[in-house]
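[1] I'll drop the sequence and a predicted model, then ask my questions.
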Amino acid sequence: MKALGVTIAIILAMFTSFGSASAATSVTLTMLYQFSGADGSNPEGGLTLGSDGNFYGVTATGGSGGDGTIFKITPEGTLTTLYGFGEFDGAHPFAAPVQGSDGNFYGTTAGGGVTNDGTVYQITTAGTLTMLYSFSGPDGANPRGVLAQGSGSNFYGTTEFGGTSANCEFGCGTVFTITSAGTLTTLLDFDVDNGGAADSGLVLGNDGNFYGTTYSGGNPKTMYYRTACDGLDECVQNPPGTVYNITPSGSLTMLHKFIGPDGANPGIGVIQGVDGAFYGVALFGGKSDKGAVYRITSSGTYTLLYSFTGVDDGAFPNGLLVQGTDGNFYGTTINGGGNLDCLEGCGTAFRTTADGTLTTLYTFTGDPAPSLPVAGLVQVGDISFYGTSYTGGTNNVGTVFQLTVCDFSIDPTNAAFAAAGGSGNISMTTTNGCAWTAVSEDDFITIISGGSGSGNGTISYSVTTNASSFGRIGTMIIYGEPFPVIQSGTSGGGCVYTLSATNATLPARGGTGHVRVTFKGPGCAWTALSNDPFITITAGSSGTGNGTVEYTVPGNTNLTALTGTLTIAGQTFTVNQDAGGCAYFLSPGIANVRATGGSTSVRVIPNLNDCDWTAVSNDSFITITGGASGVGRGTVTCALPANTSANILTGTVTIAGETFTVTQRGEP
C-alpha cells in the first residue's frame, strides 16, 4: 500500500492580535504506508535514515514468520520487507537497526534465538541476515534498545533482563559490547541499586563515554506510588529508574536516580544536544504523573524541563528526542492530545525549546489515521519529520508517516483603511521550502501580486472605495489563516473616539477587566492589540463603531509588580498588576505517628492558584504516597512503617520549600 496522499493541516497559533507581526506554525501529516500484518505489524522502534536516503525500521510482530520484520521504505512511501523473523533467528525487534561504518545494519530482537532470550543481528541493505549472537540469560536477556557504535567498529547495547544479579527475579539487565563478527563481552550487570530493566539504548557522548537510562532501579527505598499505565499497558515500576554513563571498559557512574515528581521510568535513553547536555523523556512521573522532559549534564546536574498534563499536550512520552535544525527538540507522546478515539488519547507530536517551552505540533486521531506514536521522529531537511505509529491505518496495525512543520509569520497581521480605500503590502516570512498561498474572500479586496510563493515573499493587495456610511470588514486567507481588512464608512468624519479609561490596576491574584470604546460615527473601524504576554484580550479585538474590549491577566507569581499595555484604536491603555510571588502555608506543620506506623497528611495552601510545588521526603522511613506535586491547593499524604525500636524517630518532608516535621514514637 503506497502513500495515500491524505493530509491534515493544523494551525497552532491564531492571529488574534492586530497590527504587529505574529508567528504561527502549520503542520501537515501525510500517511506514507499502512501495514497489513502480512508485511509486519506494530512498528515500535521508529526509523533510521540510511546512507542511501531510505529509511530502515522494524515491526514487533507480523511478517512471514509472525515474529516481526525488518523493512526499508523510501521517503515517498514505497516499502520493501527485507526480512521476516521466525523465532530461532530472532523474534520481536523493538528498536530500529543502526547502520555501521561498514554499511550494514545492526540491531537486536527481544526474543528468539537458541533459548528465546533475544539476539543481536546484522543485515545487509539487500536483506541478508546473520544472527551474530544469541543470549542465554547469565550474559543478558531480552535486548530492546538501539545499538550504538563506538569509536571503533564495536557496538554497545543493553539487555532489559538477565545478568548475574539475584536482586531481580529475571535478572536486572546488562550492558554489553559486541564485535561485527559476533564476539560479545558483558561490561556490567545491573543490581537494582545502580539500575534495573535496562531497556533503553546507549548514545556515545562527545567525551567518549556512553549514556543511557534504566526503566527501573536506583534507590530501593524510593517508591513512587502511582498506578499509571500507558496505552501499551506499560505501567509504573519501582524504584522509578536512573540515568547513567559508562565507559567503554565498563566503569559506571550514576548521574540521577528518579523519585517520581521529577519523572519516572525513562524507557528510551537520551540524546546529546549541541550544548553538550543530554535530553530525554520519562514515560511517567512529573507534576501530573503523565511523563516529563528533562535535561541532564555529564556531571549529573538534572533539570525538569516540562511535565505533561495528559490533555492537549499529550501523555506518556517514550520516543527518543531529536534535535532539529532549528535547535529545538522534537518528540512524541503515546497517549493524550484530547482525541477520544483512543482510550487515553491517540498521542501527540511536540516541540520543546532547550529551556522547556513546549508546543503541541500535532494531535493524532487514529481510525484510520496514525495513532499511538511510540517511537521518536527523524528529521530530513528543515521541515520534514518521519516516524511510525504503533496502531492506526486501515488495518489498525501501524503506519509510517511524514510531518511537515512550517513556521511562518506575517507582518502586519491586519489592515485598516479609510473609506477612500488604498493599497498595502504584507511581508511573509517562513521556513525555507514551505509553500504558501494568499486568497481574497471579499470582492472589495484584490490581491495584486504574491498570491502564492515558497519561503519568504511579499503579498500586495488593494482595497476599493467604500461608498456606504457604515464600515465593513473583509478577509484574506494567508497560509490558511484569516487576515482581517477593516475599512471605515463615509460617515467616519475623522473618527473621534473616547476610551472609558486610560489605565487599570488588577490584584496579584489576577482577574479580568474591560474598557469601552466610543466613536463619533458608526463607520469608524478600529482594532485592539495586547503588547504584553501576560495580558490576553478575550473579546473586542476589533470592530466598527462603539464597542468593548475585555481582557484577563493570570496570577502574578513574580515578586515585582507588572505593567503592560493594550493598543486600542491607536491609543495606549495601561494595565498594572500588583506584586505577587508564591508563598505557602502548611497545615498542620507537624505530625505525630504511633509506633505501629500509619499515614498522615498535610494541606498545602499557596497564596495564588497559579503557584506550583513539589514534595520530597528527606528521610527513608517516610514515603510520600499522594500529592508529590501540584498547582494551587493540594494535600500531601505520607506513610510510615512500624517503628520496632524504642527510639523516637523524627524526619521531615520538604514541601514548596517549607518543612513538614513528622515524629514517630518508638515501642515501649
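    On my side now, so go ahead.
[2] so what's the closest residue to Ser288 other than its chain neighbours up against?
    Distances taken as Cβ to Cβ, 6 or more residues apart in numbering place Thr309 nearest to Ser288, at 4.8 Å, with adjacent residues excluded. (Glycine included, C-beta is placed from N, CA and C.) By Cβ atoms under 8 Å, 6 or more residues apart in numbering, Thr309 lies in contact with 288, 290, 315, 336.
[3] filter those residues to the buried ones?
    288, 290, 315, 336 (16 or more other Cβ atoms under 10 Å).
[4] Report pLDDT for Leu12.
    Looking at Leu12, its pLDDT reads 38.
[5] swap that for Thr557, please
    Value for Thr557, per-residue pLDDT: 78.
[6] pretty sure Leu608 is in a strand, no?
    No: going by DSSP: H, G, I helix; E, B strand; the rest coil, the assignment for Leu608 is coil, not a strand.
[7] from memory it sits against Gln577, does it?
    No: contact between Leu608 and Gln577 fails when scored by Cβ atoms under 8 Å: they sit 11.7 Å apart.
[8] So between those two, which is more surrounded?
    Gln577 (25 against 18; other Cβ atoms under 10 Å).
[9] Contacts only, for the more buried one.
    Neighbour list for Gln577: 505-508, 510, 534, 553, 556, 561-564 [criterion: Cβ under 8 Å, 6+ apart].
[10] Is it possible to mark the buried ones in those residues?
    Buried by 16+ other Cβ under 10 Å: 506, 508, 510, 534, 553, 556, 562, 564, out of the contacts of Gln577.
[11] Present those as a markdown table; the columns should include secondary structure.
    Shown next, in a markdown table, are those (three-state DSSP):
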| residue | secondary structure |
| --- | --- |
| Leu506 | strand |
| Ala508 | coil |
| Gly510 | coil |
| Phe534 | coil |
| Val553 | strand |
| Asn556 | coil |
| Leu562 | strand |
| Gly564 | strand |
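[12] Take these and write them to JSON lines, including distance to Val274.
    Below are those laid out as JSON lines (distance: Cβ to Cβ, whole Å):
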{"residue": "Leu506", "distance to Val274": "41"}
{"residue": "Ala508", "distance to Val274": "39"}
{"residue": "Gly510", "distance to Val274": "38"}
{"residue": "Phe534", "distance to Val274": "31"}
{"residue": "Val553", "distance to Val274": "36"}
{"residue": "Asn556", "distance to Val274": "35"}
{"residue": "Leu562", "distance to Val274": "34"}
{"residue": "Gly564", "distance to Val274": "34"}
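[13] any idea which of these is closest to Asn206?
    Set against Asn206, the nearest of the buried ones among the contacts of Gln577 by Cβ to Cβ is Phe534 (39.5 Å).
[14] quick one on the thing from earlier: please identify every residue contacting each of Leu608 and Gln577.
    Residues touching both Leu608 and Gln577 (Cβ under 8 Å, 6+ apart) are 508, 510, 556.
[15] For Phe483, state which of these is nearest.
    Gly510 (31.5 Å).
[16] Spit out the contact partners of that closest one.
    552-556, 577, 608, 610 are the contacts of Gly510 under Cβ under 8 Å, 6+ apart.
[17] With Val114 instead?
    Neighbour list for Val114: 88, 134, 136 [criterion: Cβ under 8 Å, 6+ apart].
[18] How many neighbouring residues does Gly196 have?
    Per other Cβ under 10 Å, the neighbour tally for Gly196 reads 29.
[19] Distance check, the closest residue to it other than its chain neighbours against Phe176.
    Leaving aside its chain neighbours, Gly196 sits nearest to Gly217 (3.2 Å; criterion: Cβ to Cβ, 6+ apart). According to Cβ to Cβ, to the nearest Å, Gly217 and Phe176 sit 17 Å apart.
[20] next one: Tyr211
    Tyr211 sits 16 Å away from Phe176, going by Cβ to Cβ.
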